[in-house]
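Visitor: just to be clear, the model below is a prediction. Sequence and coordinates:
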Amino acid sequence: MRRRALAAAFPYTIPIFAGFWFLGLAYGIYMNVSGFSFVYPMLMSLTIFGGSLEFVAVTMLLGAYAPLQTFIMTLMIQARHLFYGISMLERYKGTGWKKPYLIFGMCDESFSINYSAEIPPGVDRGWFMFFVTLLNHFYWFSGATIGGIVGSLLSFDTEGLDFVMTAMFVVIFLEQWLKEKRHETALIGVAASAACLYLFGADSFMIPTMLCILCLLTVFRRPLERKGGLE
């Protein structure tokens with residue numbers, strides 16, 4: 001059962017492996033250049049497992065002690081996971097002891113795969129989602145750790161590396177677009193994102209976008225379900 005689930009989950013995570021290793025190495029190197037030993041990116045990638053937050057945490061560690069500011073910043077950066085969690089309530093039911101780890105390891109990429117992937121017949125849903133989460137976690141952890149170890153030996157400009165994750169999400173969106181026959185939900189997401197980006201700016205549009213999408217899908221859920229536009 002577990003081997004079959006691992007074999008089914010691994011191909012979905014191959015694009016994540018490329019992105020996570022690339023950014024994980026850059027993160028580890030960045031930590032090293034900032035004066036931290038490899039132990040810091042190793043432990044932070046293992047226990048925090050939030051790429052954007054971990055990059056920001058470097059500045060927090062180098063700055064003055066400000067717990068309230070750190071809490072607010074962390075909440076703002078990771079608040080989108082609240083909406084991911086709402087979407088996964090039904091899917092995580094019945095997963096037993098794996099559920100706490102699935103909740104902890106629900107990064108953007110694991111959410112995208114576990115929410116949209118078509119699990120092959122005969123593969124246990126809980127184990128499939130567990131291995132997707134575990135593999136993605138391992139990719140980030142290993143990349144960050146290796147980057148921290150070899151960071152002292154390498155030196156290059158890491159500007160623009162974060163675009164790898166943007167490109168990966170564009171590919172995931174296009175795959176979903178091509179797979180679905182109707183595109184009402186995708187268009188709602190694009191329109192809400194564009195409107196919130198215009199209204200709130202690039203630094204503050206994520207949470208309003210999530211709220212807007214949640215409200216719109218709630219309001220139009222029944223019409224979309226009748227038309228087959230909501231999976």
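Guide: Okay, I see it. Numbers count the residues shown, from 1 in each chain.
Visitor: ok, Met106 - contacts?
Guide: Residues near Met106 by Cβ atoms under 8 Å, 6 or more residues apart in numbering: 81, 84-85, 88, 114, 133. The C-beta positions use only the backbone N, C-alpha and C, and glycine is treated the same way.
Visitor: could you redo the last one with a cut-off of 7 Å?
Guide: Contacts for Met106 were tallied using Cβ atoms under 7 Å, 6 or more residues apart in numbering; they are 81, 84-85, 88.
Visitor: can you give me the helices in this structure?
Guide: For the chain, applying DSSP state H gives helices covering 2-33, 39-47, 51-62, 67-78, 80-87, 99-104, 108-116, 125-150, 163-179, 184-200, 206-219, 221-227.
Visitor: the second one to helix 125-150, inter-axis angle?
Guide: Looking back up the chat, that one is helix 39-47. In this structure, helix 39-47 runs at an angle of 170 degrees to helix 125-150, with axes from the mean of the first three to the mean of the last three Cα atoms, to 10 degrees as the basis.
Visitor: how close does the residue nearest the centre of the chain sit to Gly63?
Guide: Closest to where the C-alpha atoms of the chain average out (Cα atoms, centre = their mean) is Asp108, at 1.7 Å. Noted for Asp108: a distance of 26 Å to Gly63, by Cβ to Cβ, to the nearest Å.
Visitor: ditto for Ser193
Guide: 31 Å.
Visitor: and for Phe131?
Guide: According to Cβ to Cβ, Phe131 stands 38 Å off from Gly63.
Visitor: those two: which is more packed in?
Guide: Phe131 (22 against 10; other Cβ atoms under 10 Å).
Visitor: my guess is that one contacts Ala7, does it?
Guide: No. Between Phe131 and Ala7 there is no contact under Cβ atoms under 7 Å: 9.0 Å.
Visitor: pretty sure Arg125 sits against Asn114.
Guide: No. When contacts are counted by Cβ under 7 Å, Arg125 is not listed as touching Asn114 (9.1 Å).
Visitor: who's more crowded, these two?
Guide: Between Arg125 and Asn114, Asn114 has the larger neighbour count (other Cβ under 10 Å), namely 25 against 15.
Visitor: once you drop chain neighbours, what's closest to the more buried one?
Guide: On the basis of Cβ to Cβ, 6 or more residues apart in numbering, the spatially nearest residue to Asn114 that is not a chain neighbour turns out to be Met129, at 4.6 Å.
Visitor: and the one you found, how far is that from Tyr101?
Guide: Separation of Met129 from Tyr101 (Cβ to Cβ) stands at 10 Å.
Visitor: higher neighbour count, those two?
Guide: In terms of neighbours (other Cβ under 10 Å), Met129 is the more surrounded of Met129 and Tyr101; the figures are 28 against 15.
Visitor: any idea of the pLDDT on that one?
Guide: At Met129, the predicted lDDT confidence score is 95.
Visitor: any idea how far it is from Met42?
Guide: As judged by Cβ to Cβ, Met129 and Met42 stand 25 Å apart.
Visitor: domain ranges for this protein, per the record?
Guide: The chain resolves into domains spanning 2-161, 180-231 when parsed by automatic domain parsing.
Visitor: could you tell me the least trusted of these?
Guide: domain 180-231 has the lowest average pLDDT among these, namely a mean of 79.
Visitor: neighbours of Val123, how many?
Guide: By the measure other Cβ under 10 Å, the count of residues near Val123 is 17.
Visitor: any idea how far Gly94 is from it?
Guide: Distance, Val123 to Gly94, using Cβ to Cβ: 15 Å.
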